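Enquirer: Sequence and predicted structure, then a few things I'm wondering about:
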Amino acid sequence: MASKFRRGANVYTSNGRSYVVEEVADGVVYCSADNGAETEFSESSLLTEAEWQARSGGRMGLLYSRLRQSPRYGKPPAKVDRGGAEQLLAKIERLMPGILDFAAFTIAADILADDGDQQLEAELSIAKCREIFEAAKPEVRAGLLATMLGMQPDVLVGAGRLGDNLMRALITKGMGDRAADFESFGDRRRR
């Protein structure tokens, strides 16, 4: 009998953890997690993406709506001008590709943790987190990025007018303990 699971498809466990199908043989689904860990499940213990969406009843849609309405995406920080913020965001993305994806995902994960929903972090879509991040005003995005880097928003925006090497050094210093997370983040699937 043919399996409903196909190689490369996302599958979900009953608690919502996501895996990618590597192979299906004799009723066993061999999978890998976002972090590269390999595991296996019986076919009966997994759900397809469509089954998971039906079961979760639009829960993820509500989650992204809640992220959009978070106070963090509300009021822009004081003393930050729009032009400087736009220049900063463009420069940072050019100097460290993927850092804004990382910031958007990290901010979403922090919001979930604050709400006591850290178990939902594994289900977050990087693309949807970035979409929410990009929908915010440039001043708000610059402020959120500055907070993640442990800096004052106006100082970071002002530094955006400096040279590339100094900016790269500020970002690297600001990442601190999150530098390893950023490195491993680059290996995550963009879904």
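Expert: Thanks, I have the structure now.
Enquirer: residue contacts, residue 40?
Expert: 28-31 (CB atoms under 8 Å, 6 or more residues apart in numbering). Just so you know, the C-beta spots here come from the backbone N, C-alpha and C atoms, and that holds for glycine as well.
Enquirer: and the longest strand for this protein?
Expert: strand 18-25 (DSSP state E).
Enquirer: Could you point out the helix or strand that follows it?
Expert: Note on strand 18-25: by DSSP states H and E, the next helix or strand toward the C-terminus is strand 28-32.
Enquirer: Which parts of the protein are helices?
Expert: In the chain, helices defined by DSSP state H lie at 49-56, 59-68, 82-95, 99-114, 126-135, 138-148, 153-159, 164-175, 179-185, listed in chain order.
Enquirer: Of all those, which one is nearest residue 38?
Expert: helix 179-185 (16.4 Å; CB to CB).
Enquirer: Quick one: mean pLDDT over the closest one.
Expert: Helix 179-185 shows a mean pLDDT of 85 in the predicted model.
Enquirer: before we move on, what about stretch 24-31?
Expert: 92.
Enquirer: For that stretch, buried residues please.
Expert: 24, 29-31 (16 or more other CB atoms under 10 Å).
Enquirer: helices or strands next to the helix or strand of the chain with the lowest mean pLDDT in the packing?
Expert: Lowest by mean pLDDT, DSSP states H and E among the helices and strands of the chain is helix 49-56, with a mean of 73. For helix 49-56, the elements it packs on are strand 10-12, judged by 3 or more CB pairs under 8 Å, 6 or more residues apart in numbering; DSSP states H and E.
Enquirer: Against which helices or strands is the strand it packs on packed?
Expert: strand 18-25, strand 47-48, helix 49-56.
Enquirer: want to throw those into JSON lines with distance to residue 162?
Expert: Below are those laid out as JSON lines (distance: least, CB to CB, whole Å):
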{"stretch": "strand 18-25", "distance to residue 162": "41"}
{"stretch": "strand 47-48", "distance to residue 162": "50"}
{"stretch": "helix 49-56", "distance to residue 162": "45"}
